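Peer 1: Sharing a model that was predicted from the sequence below.
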Amino acid sequence: MSIYFRVEVKANDGKIAEFEQVAKALVAGTADEPGTLSYRLFSDAPGNYTFIEEYVDAAGSAAHGKAARELLGQLGAVGEITRFEIFGGEADGVEQVAAAIPTATIHRQVF
């Protein structure tokens, strides 16, 4: 199984180019992360972005957070998370991730 994140982010006013520069580096950096299965960025309008992330498990997502700490900090300086969703099952460690991100909406796998 695996754990998925859907993270919606709005670039700060006048910061779209900076946001995209940092986001591009963030996406590229995930290619070398062993616990990251997929890390993609989408947009439905200028300044509105959605990251779709898939990790092997909670440990994989934690490893990404550690490896990308500096870039995630830079991203936070030029954009704001507007929605954070976690999808996964108990065996994937979804409860562990949810405890670390209390504002996230958790979608627990049914079967």
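Peer 2: Yep, it's here.
Peer 1: distance between the lowest-mean-pLDDT helix or strand in the chain and the chain's centre?
Peer 2: Within the chain, no helix or strand scores below helix 94-100, which has a mean of 87 by mean pLDDT, DSSP states H and E. Average the C-alpha atoms of helix 94-100, do the same for its chain, and the two points are 14 Å apart (Cα atoms, centre = their mean, to the nearest Å).
Peer 1: and for that helix, what are the contacting residues?
Peer 2: Helix 94-100 has contacts (Cβ atoms under 8 Å, 6 or more residues apart in numbering) with 3, 58, 61-62, 86-88, 104, 106, 108-109. The way it works is simple: take the backbone N, C-alpha and C, and place the C-beta from them, glycine included.
Peer 1: same check, this time on stretch 58-71
Peer 2: 3, 5, 22, 25-26, 29-30, 33-37, 39, 53, 55, 72, 92-94, 96-97.
Peer 1: My guess is residue 85 contacts residue 107. True?
Peer 2: Yes - in terms of Cβ atoms under 8 Å, residue 85 counts as a neighbour of residue 107; the distance is 6.3 Å.
Peer 1: Rounded mean pLDDT for the one helix or strand residue 65 maps to, please.
Peer 2: Using DSSP states H and E, the secondary-structure element containing residue 65 is helix 58-67. In this model, helix 58-67 has an average pLDDT of 94.
Peer 1: I'd like the secondary structure assignment at residue 70, please.
Peer 2: Look at residue 70: counting by DSSP: H, G, I helix; E, B strand; the rest coil, its state is helix.
Peer 1: Distance of it relative to residue 109?
Peer 2: For residue 70, the distance to residue 109 equals 32 Å [Cβ to Cβ, to the nearest Å].
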